[in-house]
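Visitor: Need the 3D shape of this:
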Amino acid sequence: MKRFLLALSAAALCLALSPANPAAFSLRIFEAYRISEGKVVKSGDKSADISFYYQTRRMGMISYLGATKIKEFAVRPDPRSLTRAIVETWDDYVAGPAPGYYVIKGAEGRFYLVKLESFENQGKAASYWKMTFAPAEEIQPR
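Guide: Below is the predicted model:
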């Protein structure tokens, strides 16, 4: 019976950590995330679904969230209101991201709804910046 319970616990842990049950994640500057694998990678990685980077402008540094296609929403969007054609008109970045909802087309062509919960340490050097996201949700635009 002990072995059975141990095996059952191990199976439950594997399911909880599998990409089918995504976890919350955090990104620091020049990091990216592969949602399907639940893995943080470098922001230049072409297999990443969403990346966090900055560019220097005359007025200072501007933070960006990048993806194959991405759009920010102030309130949670209804995925049924989105079409693949609309998503294809979006940019591949959002400048100055703020907490809220983002719909992205990932590197593998999948669509996700992600919620940026916090953007910490913006008044400090970029090396201290940290974005924390709720678990990503795969969606199916029409």
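
Visitor: Could you use CA atoms for every contact and neighbour count after this?
Guide: Will do.

Visitor: in the sheet, who's paired with the residue positioned nearest the centre of the chain?
Guide: Against the mean C-alpha coordinate of the chain, by CA atoms, centre = their mean, the closest residue is I50 at 5.0 Å. Under the criterion DSSP bridges, I50 forms beta bridges with Y33.

Visitor: now it: how far from Y33?
Guide: Distance of I50 to Y33, given as CA to CA, to the nearest Å: 6 Å.

Visitor: Specify the strand with the largest residue count in the chain.
Guide: In the chain, with assignment by DSSP state E, the single longest strand is strand 111-120.

Visitor: in that strand, what's buried?
Guide: F111, Y112, L113, V114, K115, L116, E117, F119 (16 or more other CA atoms under 10 Å).

Visitor: Now find how far off-centre stretch 74-90 is within its chain.
Guide: 16 Å (CA atoms, centre = their mean, to the nearest Å).

Visitor: Residues in contact with it: which ones?
Guide: Residues outside stretch 74-90 that contact it (CA atoms under 8 Å, 6 or more residues apart in numbering): K69, I70, K71, G100, Y101, K105, I139, Q140, P141, R142.
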